[in-house]
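Participant: give me coordinates for this.
(one chain, ligands or ions: 1)
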Amino acid sequence: MGGYELALDGIKEALKRGFRVTTNTTLFDGADPKSVRAFFDEMMELGVEGMMLSPGYSYDKAPDQKHFLGRARTRRLFRAILSNRKKSWQFNQSPLFLEFLMGKKTYACTPWGMPTYNVFGWQKPCYLLQDGYADTFQEMLDSTEWGNYGTESGNPKCANCMVHSGYEASAVDHTFSGLRGLWATAKAALSTKYEDPDALAMLNEPVKPVHSYNPLVQIDAGKSQLEETRA
Ligand code: SF4
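Facilitator: Numbers count the residues shown, from 1 in each chain. Below is the predicted model of the structure:
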């Protein structure tokens with residue numbers, strides 16, 4: 001039995017026992033948008049309450065760079081997946097963050113928006129990076145050079161990041177920033193179809209699963225693979 005089947009059995013059992021179940025899916029390069037959409041159908045039919053999505057985080061020191069999505073590819077993948085959306089799909093996320101992933105919104109990172117606290121303290125600047133720890137949240141706020149983080153900072157560690165850790169907080173902040181943000185959120189929550197014939201056509205493009213041509217461990221990845229426009 002594979003990992004997916006095991007997880008599926010776990011979900012079914014949890015639902016049978018009356019638990020509320022949500023899923024959290026991280027997508028990497030080579031993900032097949034059609035099968036991701038079929039996965040959404042399957043989760044909804046099972047009775048899962050809501051789904052969360054995020055692109056894999058492209059950390060420049062990770063040994064497996066070829067499996068990470070650049071920003072341009074992330075937007076293309078999520079546009080294919082989330083356009084022409086089915087009414088039955090329930091997402092447990094900010095609708096504006098989903099629009100950000102589809103390339104319909106632009107946000108700067110809010111690294112302190114989803115802070116991590118663990119046995120070492122408050123992790124700086126976000127749960128994805130480990131640039132030190134602080135004893136208190138206030139100390140983390142005061143002692144972190146926030147200008148060094150986020151895609152716009154030029155920090156290669158942040159070059160391709162579109163992860164919910166930094167960007168969903170920005171989307172939520174947009175929602176509560178004023179009437180325009182509230183209106184954009186209401187519109188995105190109520191009008192979920194996102195009709196897009198080009199995105200529909202993308203679903204029929206051939207998919208080359210990354211693992212079929214790329215070994216899992218790559219320790220010689222160069223900086224060129226971290227470009228914003230990697231396509
Ligand atoms: S862009 Fe933001 S969330 Fe992503 S790694 Fe950098 S600081 Fe963390």
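Participant: and the closest residue to Tyr194 other than its chain neighbours, how far is that from Leu8?
Facilitator: What sits nearest to Tyr194 in space, not counting adjacent residues and going by CB to CB, 6 or more residues apart in numbering, is Ser83, at 4.5 Å. C-beta coordinates here come from the backbone N, C-alpha and C atoms, glycine included. Using CB to CB, to the nearest Å, Ser83 is found at 26 Å from Leu8.
Participant: tell me, how many residues neighbour Glu168?
Facilitator: 24 (other CB atoms under 10 Å).
Participant: swap that for Leu101, please
Facilitator: Leu101 has 26 nearby residues by other CB under 10 Å.
Participant: these two touch, right, it and Thr74?
Facilitator: Yes - taking contacts as CB atoms under 8 Å, Leu101 lies within contact range of Thr74: 6.7 Å.
Participant: between those two, what contacts are shared?
Facilitator: 55, 162 (CB atoms under 8 Å, 6 or more residues apart in numbering).
Participant: doesn't Ser170 make contact with Tyr107?
Facilitator: Yes - at 3.8 Å, Tyr107 counts as touching Ser170 under the criterion of CB under 8 Å.
Participant: tell me, what's touching these two both at once?
Facilitator: Both Tyr107 and Ser170 are in contact with Phe100, where contact means CB under 8 Å, 6+ apart.
Participant: more neighbours, the two?
Facilitator: Between Tyr107 and Ser170, Ser170 has the larger neighbour count (other CB under 10 Å), namely 23 against 20.
Participant: sec struct for the more buried one, please.
Facilitator: helix (DSSP: H, G, I helix; E, B strand; the rest coil).
Participant: tell me the contacts of the residue nearest the centre of the chain?
Facilitator: The geometric centre of the chain, computed from its C-alpha atoms, lies nearest to Ser54 (CA atoms, centre = their mean), at 1.7 Å. Taking CB under 8 Å, 6+ apart, we find Ser54 in contact with 24-27, 163-164.
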